[in-house]
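Engineer: Starting from these lines, generate the structure:
(one chain, ligands or ions: 2)
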Amino acid sequence: MSMPTIKAVRAFTVRGGGADYHDQAGGHWIDDHIGTPMGKYPEYRQSRQSFGINVLGTLVVEIEASDGTVGFAVTTAGEIGAFIVEKHLSRFLIGRQVTEIEKIWDQMYFATQYYGRKGVVLNTISGVDLALWDLLAKVRKEPVHALLGGPVRDELQFYATGARPDLAKQMGFIGGKLPLHHVPAEGEEGLKKNIELLAEMRSRCGDDFWLMYDCWMSLDLNYATKLAHKAHEYGLKWIEEALSPDDYWGYAELRKNVPKGMLVTTGEHEATRWGFKLLLEMGCCDIIQPDVGWCGGVTELIKISALADAHSALVVPHGSSVYSYHFVITRQNSPFAEFLMMHPVPDQVVPMFTPLLLDEPVPVNGRMKASALDKPGFGVRLNPEIKLHRPYING
Ligand SMILES: C[C@H](O)[C@H](O)CC(=O)C(=O)O
Ligand SMILES: [Mg+2]
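Structural biologist: Numbers count the residues shown, from 1 in each chain. Ligands and ions are numbered 1, 2, ... in the order given. Coordinates of the predicted model:
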């Protein structure tokens, strides 16, 4: 069967929400004194935007095939990503068959290895890879999950990440992940406040609701160990991304230090099979949380997930909306998914990449039927009302 070839590759940037979900207007819960590695500097404590959490913005990658089919994907990489796609990666795409995903991934990774390996380059490669899967699935008139082996369950179950687990419980989610607000530099007083908030949410949510703390790389081993033991009293299910993503040794220690039954999770800022191999082989965590828009795309997530399965670790991808839903529904070792609450309060469910995408499915009563993912490709469209900017042109 002859397959269409790739005729054009276009990279756009967008500001204000979308895949760069930290790029929100003021007053949003996601930028309200959340603990970060920059929290040691008081002037960067109140707002993550103050140190530049939203400088990248969203990258949109569009790939057009010779039969006119267009695949696209969005990720966090902005103008730097657009440069990499247009000036470097497009050469590995133009003229290729739409089925050549594995070879294209290999060439993109090894051609950028001298300046890439992780971070924004891998975000960019992920964006191209996801656009290729969207394109191939559309050419085949199938959802991406069908290309990945098909659903292993009838529906997805979600926990919610946001400032109000109590409201998430009312909305039908199975758990709520709170952002940790105070860092070690805020001393005993900060630690007390961190525990008080958890205690308050536990009393509002009751004993059976999962509560987790997302520490966004802000702690040291000693503080994380102390927090875990104090939080155990309030039934903390897991402690997430407590340490720097480079501190594999610290994670391995933390996993030994936490109270029995508490899970250690990490990996949203990790990339590729080689990064996750370190986390898994060093026994750093119980659950890995690759972001499919950052870790290398679906092509790499397949490998990461197989590696995790062999280490008896669960894979619960970070955020990433439809790009993760199509994967999670096909994997036994991904029993539930994350839903990032993008409403500013957040007292209602809004699509995670709003306002950039149309037809983006959302959980209803904390669940999503597999049939909500049955449209060709990833099943989403770009909102034509959102202005795209193309800063570079390949060739
Ligand atoms: C809430 C966290 O600080 C971050 O914004 C999102 C995240 O790490 C997660 O969803 O996990
Ligand atoms: Mg996280």
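Engineer: So which bits of this structure are right by ligand 1?
Structural biologist: Applying Cβ under 6 Å from any ligand atom, we find that the chain lies next to ligand 1 at Ile30, Ile34, Thr161, Pro179, Asp214, Trp216, Glu268, His318, Gly319, Glu338, Leu340. The C-beta positions use only the backbone N, C-alpha and C, and glycine is treated the same way.
Engineer: Check whether Glu196 sits in a helix, strand or coil.
Structural biologist: Classification of Glu196 by DSSP: H, G, I helix; E, B strand; the rest coil places it in helix.
Engineer: Would you map the helices across the stretch 1-150 of the chain?
Structural biologist: Per DSSP state H, counting those that start in this stretch, the stretch 1-150 of the chain carries helices over the ranges 78-87, 101-111, 119-139, 144-147.
Engineer: I'd like the distance from the second one to the chain centre, please.
Structural biologist: When distances are taken as Cα atoms, centre = their mean, to the nearest Å, helix 101-111 is centred 22 Å away from the chain's centroid.
Engineer: Report the angle between it and helix 119-139.
Structural biologist: 160 degrees (axes from the mean of the first three to the mean of the last three Cα atoms, to 10 degrees).
Engineer: Send over helix 101-111 as CSV, restricted to the C-alpha atoms.
Structural biologist: These are the backbone C-alpha positions of helix 101-111, laid out as CSV (Å, rounded to 0.1, in the frame of the first residue of the first chain):
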residue,chain,number,x,y,z
ILE,A,101,7.9,7.7,12.6
GLU,A,102,10.6,5.5,14.3
LYS,A,103,13.3,6.5,11.8
ILE,A,104,12.4,10.1,12.0
TRP,A,105,12.5,10.1,15.8
ASP,A,106,15.9,8.4,15.8
GLN,A,107,17.3,11.0,13.3
MET,A,108,15.8,14.0,15.2
TYR,A,109,17.3,12.8,18.5
PHE,A,110,20.8,11.9,17.3
ALA,A,111,21.0,15.0,15.1
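Engineer: Neighbours of the closest residue to ligand 2 within the stretch 251-395 of the chain, how many?
Structural biologist: Residue nearest to ligand 2 within the stretch 251-395 of the chain (Cβ to the ion): Glu268, separated by 4.9 Å. Other residues lying near Glu268 total 22 when counted by other Cβ atoms under 10 Å.
Engineer: Quick check: closest non-adjacent residue to it.
Structural biologist: His318 (3.7 Å; Cβ to Cβ, 6 or more residues apart in numbering).
Engineer: which residues touch whichever residue of the stretch 151-300 of the chain sits closest to ligand 2?
Structural biologist: Nearest residue of the stretch 151-300 of the chain to ligand 2, counting by Cβ to the ion: Asp214, 4.3 Å away. Counting by Cβ atoms under 8 Å, 6 or more residues apart in numbering, Asp214 makes contact with Thr161, Lys177, Leu178, Pro179, Leu180, Glu240, Glu241.
Engineer: out of the residues you listed, which are buried?
Structural biologist: Thr161, Lys177, Leu178, Pro179, Leu180, Glu240, Glu241 (16 or more other Cβ atoms under 10 Å).
Engineer: got the contact list for the fifth one?
Structural biologist: What it means is Leu180. Ile34, Gly35, Asn194, Tyr213, Asp214, Cys215, Trp216, Ser218, Leu219, Leu227.
Engineer: hang on, the third one packs against Leu227?
Structural biologist: Same thing as Asn194. Yes. Asn194 lies in contact with Leu227 (Cβ atoms under 8 Å); the separation is 6.4 Å.
Engineer: Now the common contact residues for the two.
Structural biologist: Listed as contacting both Asn194 and Leu227 by Cβ under 8 Å, 6+ apart are Leu180, Tyr213.
Engineer: Which residues of the stretch 201-350 of the chain lie near ligand 2?
Structural biologist: Contact residues (Cβ under 5 Å from the ion) of the stretch 201-350 of the chain with ligand 2: Asp214, Glu268.
Engineer: Just the helices from the stretch 201-350 of the chain, written as ranges.
Structural biologist: Using DSSP H, counting those that start in this stretch, the helices of the stretch 201-350 of the chain run over 221-232, 248-257, 272-281, 297-310, 321-328.
Engineer: ok, the nearest residue to Asp32 once chain neighbours are set aside - contacts?
Structural biologist: Excluding the flanking residues, the one nearest Asp32 by Cβ to Cβ, 6+ apart is Ala163, at 7.2 Å. Neighbouring residues of Ala163 by Cβ under 8 Å, 6+ apart: Trp29, Asp32, Leu178, Pro179, Met341, Val345, Pro346.
Engineer: Buried only: go through those for me.
Structural biologist: So, by 16+ other Cβ under 10 Å, the buried ones in these are Trp29, Leu178, Pro179, Met341, Pro346.
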